[in-house]
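1. Just a sequence and a predicted model for now, questions to come.
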Amino acid sequence: MRRYIPVVILNAMLLLAVIYILAPKEETRVHFGKEQEILNLTSDITIMEDSLYLEYERYVTTLQTDCEHISRCEPSNDAGYDICIDSAYVPTQPCLVYSFGSHFHFGFENDVYRRYNCEIHTFDPSMPIAGHRIPEGINFHLIGLSDFDHKSIFGWNMKTLSSIRTLLNHNSKVLDILKIDIEGDEWKAIPQILASVSNKYIKQLVIEIHFGRRTNGLKKDGFMSYMHNYWGDANPFVQLDTLKQLDKHGFKIFRSYKNKRAKLQLHYSNENIVFTMHVVSLKNTNIST
């Protein structure tokens, strides 16, 4: 329960700020003190968020385990993903790969298929298949990853990892690589994965992490424009805790690199720039090999 106390405090502070802003104002001089109080409160929230962004960046850039042999699948740019090919983790036939989030870009899957000839399943419900070519060796599904089975507000078919593994008759099979790049919905999917037996069958996990507030494109100064709502509707306390739960379940970071476009300027820190999106590669140190 203790780990939820900061969440409650942050939400309460935000609620107080909103209530004050929306409340009808009478005479300016009467409310001057209150207006100063709300400015102070807003500053406190900003300072708190700055510290969380810094803690996040330090956490995801600190390697937790070693991998002697790392291979980059797909071109060496922001679209690539690093996997561990040490003897205990290199995909060997019959190998199985799930890739969530594609927008019909299959560079990662093509590279894995060419090198290791794995059974590959790609999932993305956000665009219709019509007009797109699915490469050889890739099984494509109009299914999204979530924390429970449902139809989204967009009409997308959303399922848990456990339900997908059952649907594809993979309950007894090891996932050699699980790649997740789902625009912030990782904060919904990961807790469900860790709470289920599915996490025991995952050898490697590669995630593009979207931390903090949602982005809204680049500004002229080269920094991202950030919105008021959070990725995955999870505030930064919950997001950080989710990352730490991965570690507690044996998923250790062996590689991390930033998305150079996701640059945020902080307000109250000497370290005035952080990056809010990283691709993180983890290996399951608990799995039997």
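-> Thanks, I have the structure now.
2. Just say helix, strand or coil for residue 239.
-> Under the three-state scheme (DSSP: H, G, I helix; E, B strand; the rest coil), residue 239 adopts helix.
3. wait, isn't it in contact with residue 230?
-> Yes - here residue 239 lies in contact with residue 230, judged by CB atoms under 8 Å, at a distance of 7.5 Å. Bear in mind the C-beta positions are built from the backbone N, C-alpha and C, glycine included.
4. list the residues that contact both of these two?
-> residue 212 (CB atoms under 8 Å, 6 or more residues apart in numbering).
5. And those two? Which one has more around it.
-> residue 239 (23 against 19; other CB atoms under 10 Å).
6. Distance check, the more buried one against residue 82.
-> Using CB to CB, to the nearest Å, residue 239 is found at 22 Å from residue 82.
7. Residue 232 now?
-> For residue 232, the distance to residue 82 - CB to CB - is 23 Å.
8. give me the low-pLDDT residue ranges for the stretch 51-200 of the chain?
-> 75-79 (pLDDT under 70).
9. show me where it has helices.
-> 107-116, 161-167, 186-195 (DSSP state H, counting those that start in this stretch).
10. For the second one, what is the distance to the chain centroid?
-> What it means is helix 161-167. 20 Å (CA atoms, centre = their mean, to the nearest Å).
11. Remind me what it packs against, helices and strands.
-> helix 186-195 (3 or more CB pairs under 8 Å, 6 or more residues apart in numbering; DSSP states H and E).
12. Could you list every helix and strand that the helix it packs on packs against?
-> Under the contact criterion of 3+ CB pairs under 8 Å, 6+ apart, helix 186-195 touches helix 161-167, strand 177-180, strand 204-210, helix 236-248.
13. ok, residue 101 - contacts?
-> Per CB under 8 Å, 6+ apart, neighbours of residue 101: 123, 124, 179, 180, 181, 182, 183, 208.
14. okay, now residue 158: neighbour count?
-> So residue 158, with other CB under 10 Å, has 20 neighbours.
15. Then residue 168?
-> Neighbours of residue 168 under the rule other CB under 10 Å: 16.
16. before we move on, what about residue 131?
-> Number of residues near residue 131 (other CB under 10 Å) recorded here: 7.
17. next one: residue 52
-> For residue 52, the neighbour count with other CB under 10 Å is 20.
18. What residue, apart from its backbone neighbours, is nearest it spatially?
-> residue 236 (4.1 Å; CB to CB, 6 or more residues apart in numbering).
19. try residue 258
-> Nearest non-adjacent residue to residue 258 (CB to CB, 6+ apart): residue 275, at 4.1 Å.
20. quick one: the spatially closest residue to residue 165 that is not a sequence neighbour and residue 199, what's the gap?
-> Take residue 165 and drop its neighbours on the chain: the residue closest to it by CB to CB, 6+ apart is residue 171, 5.4 Å away. Distance, residue 171 to residue 199, by CB to CB: 13 Å.
21. before we move on, the earlier item: out of the contacts of residue 101, which one sits closest to residue 113?
-> residue 179 (13.1 Å; CB to CB).
22. how close does the closest one get to residue 115?
-> 15 Å.
23. Who has more neighbours out of the two?
-> residue 179 (27 against 14).
24. so how many other residues sit close to the closest residue to residue 192 other than its chain neighbours?
-> In this structure, residue 192 finds its nearest non-sequential neighbour in residue 147, 4.3 Å apart by CB to CB, 6+ apart. For residue 147, the number of neighbouring residues by other CB under 10 Å comes to 19.
25. next one: the one 5 residues further on
-> By other CB under 10 Å, the residues close to residue 152 number 13.
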